[in-house]
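A.B. asks: predicted model, plus sequence, below.
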Amino acid sequence: MIDLNALPPDIEALIFDCDGTLVDTPPVYARAWAAGLRSSGREMAPEWYLARAGMSEHVLMNEFEALEGVVLDRKEVVDLMRAAFLAELAGLREIDAIAAIARQNRGRRPMAVASGGSRAIVTATLQATGLTAIFDTIVTIDDVGRAKPAPDLFLEAAKRLGIPAAGCLVFEDSREGLEAAKSAGMRAIDVLEILLAG
């Protein structure tokens, strides 16, 4: 693993996922998705969501439809889910070990957040945890056409930072995100390794 205390000089920028990387949102999302998906007349088990926590909204709903054999009113589900999530903003906590890396590099390297979440939720999450000002740009699924594992989110972040993909280091917690970073031609760190080591 890359030594975070002495990053190689060719790492020019850092890109962070948000959910499960910078902020401990998966438990909140699990409750919010359960609330949203309940409108289908079916219950979603928290464990089912947690196994898919890196998925974007529509990919997750595709999987739920396939599992339950239902057709969701997607706007209703998303509206209910987002309202339930935003109602819990005050309880959100940053993931200390990863947020500390971002804070240590503020002003030393360009930094971005690249999240498969919606702009409304990602922005609110970063504001609620006091992380917004650390980053030069925030890229969400609303800014690009495709979710992770497609590389689009990371490539857009690198473009906004003005740094070639090869000069970017990505921090991710999901398989989809790590695959997206690799597809983008970026080095990546699985933050779960940092958290388990700590």
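C.D. replies: Arrived safely, thanks for sending. As the structure is a prediction and not an experimental result, all values here were calculated from the model. Numbering: from 1, shown residues only.

A.B. asks: all contacts plus neighbour counts: C-alpha atoms, from now on.
C.D. replies: Will do.

A.B. asks: list the contacts of the least confident helix or strand in the chain by mean pLDDT.
C.D. replies: Lowest on mean pLDDT, DSSP states H and E among the helices and strands of the chain sits helix 191-197, with a mean of 89. With contacts defined as Cα atoms under 8 Å, 6 or more residues apart in numbering, helix 191-197 is touched by 21, 97-98, 171-173.

A.B. asks: now, those residues that are in helices?
C.D. replies: Among the contacts of helix 191-197, the members found in helices (DSSP state H) are 97-98.

A.B. asks: filter the contacts of helix 191-197 to the buried ones?
C.D. replies: Burial by neighbour count, judged by 16 or more other Cα atoms under 10 Å, picks out 21, 98, 171-173 from these.

A.B. asks: how far away is Val170 from Val139?
C.D. replies: 13 Å (Cα to Cα, to the nearest Å).

A.B. asks: which of the buried ones among the contacts of helix 191-197 fall in strands?
C.D. replies: The strands, defined by DSSP state E, take in 171-172 from these.

A.B. asks: sorry, back to before: between the contacts of helix 191-197, which is nearest Ala90?
C.D. replies: Thr21 (18.1 Å; Cα to Cα).

A.B. asks: show me what contacts the closest one?
C.D. replies: 95, 98, 171-173, 191.

A.B. asks: let's go with 7 Å and repeat that
C.D. replies: With contact set as Cα atoms under 7 Å, 6 or more residues apart in numbering, Thr21 has these partners: 95, 98, 172-173, 191.

A.B. asks: list the contacts for Glu65?
C.D. replies: 71-72.

A.B. asks: sec struct for it, please.
C.D. replies: helix (DSSP: H, G, I helix; E, B strand; the rest coil).
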